[in-house]
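Student: Return a 3D structure for these sequence lines:
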Amino acid sequence: MSDTKTDGKVRKSEAEWRKELTPMQYAVLREKATERPFTGEYEHDPRKGTYVCAGCGQALFESDQKFDSGCGWPSFSKPAVESHIDEERDVSHGMIRTEVLCSKCEGHLGHVFNDGPGPTGLRYCINSAALKLNEEK
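Tutor: Here you go, the predicted structure:
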């Protein structure tokens, strides 16, 4: 049963998520999987617009903050709205990283690193499957 609580969070059953998302979107957003590098549809996409969460539609990143980091995934220097991104410590795979999540549906987006361009110095390394581009008209 789909639900948006008074805290603004989107909560759905695993069956609902599976029905609404593609297998890759489900694996990334709900199971914290990662796309293979250089395979995501948005890595080199030059179109302008707002990248929203593929799970709930919340605005996450603007195309003018996107840059080519060469890492194999779309990279952004800052979120569209800071409060739309949650961060958690991730110690999986023998590494210590900072996981990036959608604050509305708690979907896994990717990770953030401190090796991005100025002025933020951040690189939000995001799976294409976690995003949808709302293209500017």
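
Student: On the pLDDT front, check the residue most central in space within the chain for me.
Tutor: Centroid check for the chain by CA atoms, centre = their mean gives L109 as the closest residue, at 3.0 Å. L109 carries a pLDDT value of 98.

Student: Give me the distance between it and A15.
Tutor: 22 Å (CB to CB, to the nearest Å). From N, CA and C alone the C-beta is placed, and that goes for glycine too.

Student: if we can go back for a sec, which helices and strands sit right next to the strand or helix carrying the residue nearest to the centre of the chain?
Tutor: Here L109 sits within strand 108-113, counting by DSSP states H and E. Under the contact criterion of 3 or more CB pairs under 8 Å, 6 or more residues apart in numbering; DSSP states H and E, strand 108-113 touches helix 23-31, strand 85-90, strand 97-102, strand 123-126.

Student: hey, C-alpha coordinates of it in CSV?
Tutor: The C-alpha trace of strand 108-113 is given here as CSV (Å, rounded to 0.1, in the frame of the first residue of the first chain):
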residue,chain,number,x,y,z
HIS,A,108,20.2,4.5,-3.0
LEU,A,109,21.6,6.9,-5.5
GLY,A,110,25.3,6.5,-5.3
HIS,A,111,28.2,8.0,-3.3
VAL,A,112,29.8,11.4,-2.7
PHE,A,113,33.5,12.0,-2.8
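
Student: Can you check what angle separates that strand from helix 23-31?
Tutor: Computed by axes from the mean of the first three to the mean of the last three CA atoms, to 10 degrees, the angle separating strand 108-113 from helix 23-31 equals 70 degrees.
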